[in-house]
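Colleague: model the structure of this input:
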Amino acid sequence: MKLPRPDTSEPSSVRPARLRRIQEAAAETGLTPRAIRYYEELGLLRPAARTDGAYRLYDDDDIERLRFIKGLRDDAGFSLAEIAQLLEDEAARARNRARFRASHDVAERRAILADALARAERQIELLRRKASRLAGMIEAAEARRAHLLEHLGELEGSEGEAAEGADEAAPGGTER
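Modeller: Purely as a prediction, here's the structure:
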């Protein structure tokens, strides 16, 4: 299968999406093809398309999702299970929004809002736990820094005393 080429005569919003094979997607996101396939196995990602030869093809949305996953994993320290939950909650939020707008039934709208509220509460709790762990790590690092500064101060104090003692004991020293 030949990859589609954008027709430059059409406005960009009408052009076909740029599709990339897994190697190109990996290069753009800083992930390995193996990691991308693993994310697909876990359900974190579904390639936009496949070629006749079953090669995975990724569009701009897939690339953005991979960058988002990588950022949550590497920069924020989320586990893949936590990332899966966050991604599912975001997908559910979009579904709930569409269902809410389409429905005029008060009971159904109430159920949609209850689901959305429960998901938001779960996200808040996850983020608070993450923030609490980070705050604990910051406190521990600050305590280590304070301990090291104490040692440094002790060394500087003992160097000053040793230098003073050497001056006093040296012939022709500064003693008066």
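
Colleague: residue boundaries of the helices in this protein?
Modeller: 22-29, 33-42, 60-70, 80-102, 106-169 (DSSP state H).

Colleague: show me what the second one is packed up against.
Modeller: Based on contacts counted as 3 or more CB pairs under 8 Å, 6 or more residues apart in numbering; DSSP states H and E, the elements that helix 33-42 packs against are helix 22-29, strand 56-57, helix 60-70, helix 80-102. Just so you know, the C-beta spots here come from the backbone N, C-alpha and C atoms, and that holds for glycine as well.

Colleague: tell me the most buried of the ones you listed?
Modeller: Neighbour counts (mean count of other CB atoms under 10 Å) averaged over each of the helices and strands packed on helix 33-42 peak at strand 56-57, with a mean of 21.

Colleague: nearest to E121, out of the helices and strands packed on helix 33-42?
Modeller: helix 80-102 (10.4 Å; CB to CB).

Colleague: got a list of contacts for that closest one?
Modeller: The set of residues external to helix 80-102 that reach it, using CB atoms under 8 Å, 6 or more residues apart in numbering, is 39, 42-44, 65, 69, 72-73, 78, 108-109, 112-113, 115-116, 119, 122-123, 126, 130.
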